[in-house]
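In: Task: produce atomic coordinates for the following.
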Amino acid sequence: MKIVIPGGTGQVGTVLARAFHGSGHEVVVLSRRPQPEAWSVIAWDGRTVGDWANAINGADVVVNLAGRSVNCRYTPANRREILESRILSTQVVGHVIAGADKAPALWLQASTATIYAHRYDADNDEASGIIGGGEPDVPGVWDFSIDVARAWERTFNEAATPRTRKIALRSAMTMTPYPGANGIFDTLMWLVRNGLGGSAGGGQQFMSWVHHRDFVRSLLWLIERDDIEGIVNIASPHPLPNAEFMRVLREVAGRRFGLPATKWMLEAGAVFLRTETELILKSRRVVPGRLLASGFTFDYPYWSDAARDIYDDWKSIRARSAHAASNCIA
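Out: Residues are numbered from 1 along each chain as shown. Okay, here's the model as predicted:
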């Protein structure tokens, strides 16, 4: 297959590109800052049609992951960039697919599990999940993420691509062992190793997540199953409260203690780290109803197994990096 990944130079996109390329597929990544890779990387601006459109014409699958990271303070400028990077990239990808001589069979479009309401009482699946916005007793700034998610999906749904099957991926946090920007697991391990990996804000809020290999496998499943379209949740079937999530991380890392963080501590830290507490405090209780109903099975359905596997890889990567650095110094 030929698979085109707009916005595919982040951690999740790189995981996908590496897996697809390693399986023998032709991979083309569209990036605002192209870097040499084993697969093809083509420049685009995520807003206007350019030479990159030739890559989509004749492709089998498009996986659009473009969008500015939400790991920032929600200043007016950042809000505008977060929204526009998603809306404009989705619009231009839809425009190119619609006008292609040979349109892709499938368009997988990134969305977010954050679209669901902050809740503790029940799981959110695709059929019965409650869309968020205006929940009582939560900061009003959290509505921004819901507004972005709604606009993002609305733009995707409005794209007129009758020759192309479309799926919106409401993805939970994809856990990878790789360091660098947007490395959620790497950030959490820094907290754990520095004695800060306790529960956050009481620890009752649910955390939805997915092992990076199950993320790749679920997308391959959706590519092969031409009877699935529309909204699909990409998440482990077993979300768990933050306190338990962090306890498991401490256990696999061999750390007996993690300092809990109250809400006011998190607010202060978020200002210092230039991020928002919503990323930590919102209860995301999301399950993959449609994947399970279609027969998909997760290799890592439980966080204890997933955390151990990712941690082992994380240690190996750090050891190799340290060894390479020492050889350079020598």
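In: so where do the helices sit in the protein?
Out: Counting by DSSP state H, the segments of the chain that form helices are 11-22, 53-56, 76-99, 143-158, 184-193, 212-224, 242-253, 263-273, 278-281, 289-293, 303-329.
In: in the last one, what's buried?
Out: By neighbour count, with 16 or more other C-beta atoms under 10 Å as the criterion, the buried positions of helix 303-329 are 303-304, 306-311, 314. Every C-beta, even on glycine, is put in place using the N, C-alpha and C of the backbone.
In: same thing with the fourth one?
Out: Neighbour-count burial for helix 143-158, counted by 16+ other C-beta under 10 Å, picks out 144-146, 148-149, 152-153, 155-156.
In: Out of these, flag the one nearest to residue 86.
Out: Nearest to residue 86 out of the buried residues of helix 143-158 is residue 152 (C-beta to C-beta; 4.6 Å).
In: so who does the closest one touch?
Out: 67, 86-87, 90, 111-112 (C-beta atoms under 8 Å, 6 or more residues apart in numbering).
In: Please verify my assumption that residue 93 contacts residue 64.
Out: Yes - in this structure, residue 93 is within contact of residue 64 by C-beta atoms under 8 Å, at 5.1 Å.
In: Those two: who's more crowded?
Out: residue 93 (30 against 26; other C-beta atoms under 10 Å).
In: What pLDDT does the model give that one?
Out: On pLDDT, residue 93 comes in at 98.
In: do you know how far it is from residue 10?
Out: Distance of residue 93 to residue 10, computed by C-beta to C-beta, to the nearest Å: 16 Å.
In: cool, residue 302 as well?
Out: 26 Å.
In: These two: which has the busier surroundings?
Out: Neighbours per residue (other C-beta under 10 Å) separate residue 302 from residue 10, with residue 10 holding more: 19 against 15.
In: Tell me the buried residues in stretch 201-216?
Out: 201, 203, 205-216.
In: What is the nearest of these to residue 224?
Out: residue 216 (12.9 Å).
In: correct me, but the closest one touches residue 22?
Out: No - in this structure, residue 216 is not within contact of residue 22 by C-beta under 8 Å, at 10.0 Å.
In: before we move on, the earlier item: same list, the buried residues of stretch 201-216, but as a markdown table with distance to residue 244 and pLDDT please.
Out: Shown next, in a markdown table, are the buried residues of stretch 201-216 (distance: C-beta to C-beta, whole Å; pLDDT from 0 to 100):
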| residue | distance to residue 244 | pLDDT |
| --- | --- | --- |
| 201 | 14 | 91 |
| 203 | 8 | 96 |
| 205 | 11 | 97 |
| 206 | 10 | 98 |
| 207 | 9 | 97 |
| 208 | 13 | 98 |
| 209 | 12 | 98 |
| 210 | 17 | 98 |
| 211 | 17 | 98 |
| 212 | 21 | 98 |
| 213 | 22 | 98 |
| 214 | 19 | 98 |
| 215 | 22 | 98 |
| 216 | 26 | 98 |
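In: Output these as a markdown table; include the columns distance to residue 57.
Out: Below are those laid out as a markdown table (distance: C-beta to C-beta, whole Å):
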| residue | distance to residue 57 |
| --- | --- |
| 201 | 48 |
| 203 | 50 |
| 205 | 44 |
| 206 | 42 |
| 207 | 40 |
| 208 | 36 |
| 209 | 36 |
| 210 | 31 |
| 211 | 34 |
| 212 | 30 |
| 213 | 31 |
| 214 | 31 |
| 215 | 27 |
| 216 | 25 |
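In: Pull the most distant pair out of those residues.
Out: 201 and 216 (31.7 Å).
In: Span of stretch 123-131 from start to end?
Out: End-to-end span of stretch 123-131 (C-alpha to C-alpha, to the nearest Å): 12 Å.
In: So which residues make contact with it?
Out: Under C-beta under 8 Å, 6+ apart, the answer for stretch 123-131 is 113, 115-117, 119, 122, 146, 150, 170, 230-233, 239, 285-290.
In: same thing but 10 Å
Out: 113, 115-119, 121-122, 132, 146, 149-150, 153, 168, 170, 206, 208, 230-233, 235, 237-239, 283-293 (C-beta atoms under 10 Å, 6 or more residues apart in numbering).
In: Now list the buried members of these.
Out: By 16+ other C-beta under 10 Å, the contacts of stretch 123-131 give 113, 115-119, 132, 146, 149, 153, 168, 170, 206, 208, 231-233, 235, 237-239, 283-291 as buried.
In: Could you find the closest non-adjacent residue to residue 178?
Out: Spatial nearest neighbour of residue 178, excluding adjacent residues (C-beta to C-beta, 6 or more residues apart in numbering): residue 11 at 5.7 Å.
In: my guess is that neighbour meets residue 71, correct?
Out: No - when contacts are counted by C-beta atoms under 10 Å, residue 11 is not listed as touching residue 71 (11.6 Å).
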